[in-house]
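Asks: Can you look at this prediction? I've put the sequence above it.
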Amino acid sequence: MEDRIWLLPCEGRFYKANLHCHTVLSDGKRTPEEIKGMYKRHGYSVVAYTDHRRYRWHENLMDDTFIPIAAYEVNIDGETPASGDISRRKTYHINLYDENPRLFQEEKQASILPEHRYTDIGYINEYLKKMRSMGFFACYNHPYWSMQTIEDYKGLDQVWAMEIYNHGCELDGMYGYNPQSYDEMLRAGKRLFCVAADDNHNPVPTDDPFSDSFGGFTMIKARELTYPAVIEALLKGDFYASMGPEIKELFVERGRLVVRTSPVEKIFVATESRYCHRAIAGPGEVLTEAVFELTGKEGYVRVDARDRRGLHANSNAYFL
Ligand SMILES: [Zn+2]
Ligand SMILES: [Zn+2]
């Protein structure tokens with residue numbers, strides 16, 4: 001199969017990850033240990049601990065079956081409205097994931113925070129650049145919850161990925177699913193990946209309909225379950241985002257894009273233009289594969305597979 005180009009690698013295996021999580025170290029209700037237990041019971045192998053403004057590496061939780069990614073979530077708040085109502089204030093929320101927690105340990109323990117220079121995009125990019133030089137790669141979080149539009153975030157140029165789905169925001173009523181924002185960033189010329197995550201704070205038990213755990217996850221295809229292998233896969237974009245459905249295989253062969261999934265109702269491919277590739281199941285039927293003839297005019301392709309429950313799996317965008 002020499003002429004097959006794997007968009008998701010064929011080697012390795014998928015590991016389920018929650019890349020956005022709060023604990024009692026900030027405003028979450030569960031301890032880091034409890035989070036590990038609950039997520040492992042639900043089939044997860046990776047959790048990024050992204051407590052607000054507090055960098056931590058929970059190295060003690062790492063073993064052959066579980067990788068805790070060292071991380072934190074920083075915020076850069078806009079001006080408080082004249083009403084004083086901070087729930088209407090714009091803000092950037094950015095997760096910083098640590099490539100190698102063994103480096104710069106002392107500096108990182110101090111949790112280097114950005115200043116609230118909201119309108120100073122040059123400063124924000126400088127901050128992210130400095131953090132990148134220490135090993136942190138950045139994910140731009142929940143645009144809609146943050147009261148932001150493309151005008152606010154299109155200037156970010158040090159972001160590795162953005163959240164296409166944030167489960168906590170969805171349960172807040174703040175539309176956690178933002179595929180339009182992702183396309184807008186791509187069409188603005190940004191090359192970035194997309195992830196889905198819980199942003200769980202666990203105010204209620206996991207069997208409560210308002211539980212914010214296990215609704216958005218990222219499937220990482222890595223050669224093994226070790227900290228460096230998981231990071232390598234993340235940096236390369238070897239993953240997809242999901243609320244439920246699986247993308248099992250994704251490749252291009254002889255000018256055709258082939259997508260294999262768990263049973264879904266539709267498999268669409270968004271592109272840089274308004275023309276999409278589309279496959280849809282007949283009444284009572286399901287799809288597990290779609291093959292699309294590429295035109296060469298797509299710019300980028302990104303797969304969106306939706307199941308009968310209305311849940312989506314989203315691939316990264318691939319510039320062909
Ligand atoms: Zn946030
Ligand atoms: Zn958060």
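Replies: That came through fine. Ligands and ions are numbered 1, 2, ... in the order given.

Asks: Can you give me the buried ones in stretch 273-291?
Replies: Residues of stretch 273-291 classed as buried: H277, A279, A281, L287, A290 (neighbour count, 16 or more other Cβ atoms under 10 Å). Every residue, glycine included, has its C-beta placed from N, CA and C.

Asks: now those residues in JSON lines, with secondary structure and pLDDT?
Replies: Converted to JSON lines, the buried residues of stretch 273-291 look like this (DSSP: H, G, I helix; E, B strand; the rest coil; pLDDT from 0 to 100):
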{"residue": "H277", "secondary structure": "strand", "pLDDT": "98"}
{"residue": "A279", "secondary structure": "strand", "pLDDT": "98"}
{"residue": "A281", "secondary structure": "coil", "pLDDT": "98"}
{"residue": "L287", "secondary structure": "strand", "pLDDT": "98"}
{"residue": "A290", "secondary structure": "strand", "pLDDT": "98"}
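
Asks: how about TSV for these, with distance to M219 added?
Replies: Converted to TSV, the buried residues of stretch 273-291 look like this (distance: Cβ to Cβ, whole Å):
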residue	distance to M219
H277	22
A279	21
A281	22
L287	19
A290	18
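
Asks: And the furthest pair within those residues?
Replies: Spatial extent of those (Cβ to Cβ) is set by the pair H277 and A281 at 15.2 Å.

Asks: Stretch 197-216 near ligand 1 at all?
Replies: No: using Cβ under 5 Å from the ion, stretch 197-216 stays clear of ligand 1, coming no nearer than 6.2 Å.

Asks: what does stretch 48-68 give?
Replies: No: Stretch 48-68 lies out of reach of ligand 1 by Cβ under 5 Å from the ion, never closer than 7.5 Å.

Asks: Endpoint to endpoint, that stretch covers what distance?
Replies: Start-to-end span of stretch 48-68 (Cα to Cα, to the nearest Å) is 6 Å.

Asks: show me the biggest helix of the chain in terms of residues.
Replies: In the chain, assigned by DSSP state H, the helix with the most residues is helix 121-133.

Asks: name the helices or strands packed onto the helix or strand just after it?
Replies: Per DSSP states H and E, helix 121-133 leads on to strand 136-140 as the next helix or strand towards the C-terminus. Other elements packing on strand 136-140 under the criterion 3 or more Cβ pairs under 8 Å, 6 or more residues apart in numbering; DSSP states H and E are strand 91-98, helix 121-133, strand 159-166.

Asks: pretty sure H201 contacts D27?
Replies: Yes: counting by Cβ atoms under 8 Å, H201 does reach D27; the two are 5.9 Å apart.

Asks: which of those two has more neighbours?
Replies: The residue with more neighbours, out of H201 and D27, is H201; 17 against 11, by other Cβ atoms under 10 Å.

Asks: C21 versus the more buried one, what's the distance?
Replies: Separation of H201 from C21 (Cβ to Cβ, to the nearest Å) stands at 9 Å.

Asks: what touches both of these two?
Replies: Taking Cβ atoms under 8 Å, 6 or more residues apart in numbering as the contact criterion, the common neighbours of H201 and C21 are G28.

Asks: related to what we said a few turns ago, okay, the helices and strands packed on strand 136-140, which one's buried deepest?
Replies: Among those, the stretch with the highest mean neighbour count (mean count of other Cβ atoms under 10 Å) is strand 159-166, at a mean of 26.
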